[in-house]
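Engineer: sequence first, predicted coordinates after that:
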Amino acid sequence: MIPPAFEYLRPTTIPEAIALLQQHGDDAKILSGGQSLIPMMKLRIARPAYLVDINRIAGLSYVKEEGGFLKIGGLTRESELEASPLIHSKYPLLVDTTHVIADPQVRNLATVAGNLAHGDPANDHPASMLALGAQVVATGAPGERVIPIEVFFVSLFTTALRQGEILTEIRIPVPPVRSGGAYFKLERKVGDFATAGVATQVSLDDKGAVQRAGIGLTNVGATPIKARKAEDFLRGKKLNTENIGQAAQLAADEAQPSSDLRGPAEYKKGLVKELARRSLSRAAQRAAK
Amino acid sequence: MAKKQLVRVKVNGRDRQAEVEPRLLLIHFIREVLELTGSHIGCDTSHCGACTVLLNGKTVKSCTMFAVQADGGEILTVEGLIKDGQLHPLQEGFKEEHGLQCGFCTPGMLMSSYALLHNNPKPSEEDIRWGISGNLCRCTGYQNIVRAVQFAADKIAQGGAK
């Protein structure tokens, strides 16, 4: 399949890229990893007249802790996150997530920021970032603005990013001690979108009660879903079997799946409950270590 | 038609260049412009991995990348595995262990396995299965492919080719 013709633009700085995006407006799309965009262009779902390839902009690929945040650069590849010792030492939820995104070749090109900016509820990082309470940095002509992840996903394929803005950084608050997270996803085969997925991140106090719980759901609604009722329910409680079971039920209640080739809506709700139970149990084990 | 762009790459150690339309996919550049037809087009939808090549040492699906994006890069295709008329241990392994039947997936399997062994010279069976998880095979059930990669890992460890 041959994608429609386009003009290819390759800026080397962020201001240059923003100027090109402003100049060409809705006719332009950012080309980052391209692992969602190029398939969509082949299918004529996307027909941008201009592609602004941001891959040659230096200094946007990093994973580091700074000022109380884990910072992931706008061009950091999934495979770089997967290989990062820092991520392996403190962010098991991100290890789980990146490991089940597509396949090795796709992860070598796909970016973490693109996984969010694409606004696809079937992508995996939206749920993990919701669970972690992330923020994204949008850089445009007026400068940077910081957007909390819970208001980033507006509707199907639509995010809070404005025309002429680039997602340049993801910030995740460094978790306190006694924190843990996990991601559980059911997919029909490697590389398929999730039938459903549940990301959880918990922080416990010194008595083992939940101080903060974050729960994000993949591909069970028009946008990625933050399971607020389940999060609120867990606050102050111990992560025992009964409380985990109740929180998992609340998360399933908050899911809004539709029936499709991956299964009926009722099945997917049941799946969310079971994945939430497993994810919270694993997160609790990891937090207790 | 969009303005053509010059693409310069090093492919299997040789400098190559051509003016191409931006929408030309890397796999078409490799097969039709450079006339290296070892890399295959399977699904053309980023699922099967038959088009896998190495770009700057990392595996990519060349059906899901534009040739212009590879400009300035180094590409290794299946044609680049053979050295001085000697099969690479992976190629030998696929032959000895019957790691193929129809052979359509083989170029991609070889390139993913090549990258795997480069990063992880002594992979476990699970590592191998994860390493080739972006490559589909309809013939072998993967068993003999896993054995072929193990064969190559052993051979390289015993001082065969790199």
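Structural biologist: Arrived safely.
Engineer: closest residue of chain A to chain B?
Structural biologist: Across chain A, no residue is closer to chain B than A:Asp103, which sits at 3.0 Å (Cβ to the nearest Cβ). Where you see a C-beta, it was placed from the backbone N, CA and C, and this is true even at glycine.
Engineer: number of nearby residues for that residue?
Structural biologist: Using other Cβ atoms under 10 Å in any protein chain shown, A:Asp103 has 25 neighbouring residues.
Engineer: okay, the residue nearest to it when sequence neighbours are not counted: pLDDT?
Structural biologist: Leaving out its chain neighbours, the residue that sits closest to A:Asp103 by Cβ to Cβ, 6 or more residues apart in numbering or on different chains is B:Gly134, at 3.0 Å. On pLDDT, B:Gly134 comes in at 97.
Engineer: so the residue of chain A closest to chain B touches A:Val190, yeah?
Structural biologist: Yes. Contact criterion Cβ atoms under 8 Å: A:Asp103 and A:Val190 qualify, at 5.5 Å.
Engineer: give the residues shared as contacts by those two.
Structural biologist: Common contact partners of A:Asp103 and A:Val190 (Cβ atoms under 8 Å, 6 or more residues apart in numbering or on different chains): B:Ser133, B:Gly134.
Engineer: who are the contact partners of residue 53?
Structural biologist: Unless you meant another one, I'm taking chain A. Contacts of A:Asp53 (Cβ under 8 Å, 6+ apart): A:Tyr8, A:Leu9, A:Arg10, A:Pro11, A:Leu31, B:Val68, B:Gln69.
Engineer: meant chain B, my bad for not saying
Structural biologist: B:Leu26, B:Ile30, B:Ser39, B:Thr59, B:Val60, B:Ser62, B:Ile75, B:Leu76, B:Thr77, B:Met111.
Engineer: the domain parsing of chain B - what is it?
Structural biologist: By the assignment in automatic domain parsing, chain B contains the domains B:5-78, B:89-157.
Engineer: tabulate these (JSON lines), appending distance to A:Leu109.
Structural biologist: JSON lines is the format used below for the domains of chain B (distance: least, Cβ to Cβ, whole Å):
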{"stretch": "domain B:5-78", "distance to A:Leu109": "6"}
{"stretch": "domain B:89-157", "distance to A:Leu109": "11"}
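Engineer: one step back: contact partners for the residue nearest to A:Asp103?
Structural biologist: B:Gly134 neighbours (Cβ under 8 Å, 6+ apart): A:Ala102, A:Asp103, A:Pro104, A:Gln105, A:Val106, A:Val190, A:Gly191, B:Gly49, B:Thr52, B:Thr59, B:Lys61, B:Ser112.
Engineer: so which of those residues are in helices?
Structural biologist: Residues from these lying in helices, with DSSP state H as the criterion: A:Pro104, A:Gln105, A:Val106, B:Ser112.
Engineer: give the burial count for the third one, as a bare number.
Structural biologist: By that I understand A:Val106. When neighbours are defined as other Cβ under 10 Å, A:Val106 has 24 of them.
Engineer: gap between it and A:Glu187?
Structural biologist: Separation of A:Val106 from A:Glu187 (Cβ to Cβ, to the nearest Å): 13 Å.
Engineer: of all of chain B, which residue lies closest to chain A?
Structural biologist: At 3.0 Å from chain A, B:Gly134 is the closest residue in chain B, using Cβ to the nearest Cβ.
Engineer: tell me the SS of that residue?
Structural biologist: Using DSSP: H, G, I helix; E, B strand; the rest coil, the structure places B:Gly134 in coil.
Engineer: swap in A:Val198?
Structural biologist: Going by three-state DSSP: A:Val198 is strand.
Engineer: counting neighbours, what do you get for residue 18?
Structural biologist: Defaulting to chain A. Using other Cβ under 10 Å, A:Ile18 has 19 other residues around it.
Engineer: not quite, I wanted chain B
Structural biologist: 15.
Engineer: swap in the one 10 residues further on?
Structural biologist: Taking other Cβ under 10 Å as the neighbour definition, B:His28 ends up with a count of 20.
Engineer: contacts only, for it.
Structural biologist: Listed by Cβ under 8 Å, 6+ apart, the contact partners of B:His28 are A:Ile2, B:Ala67.
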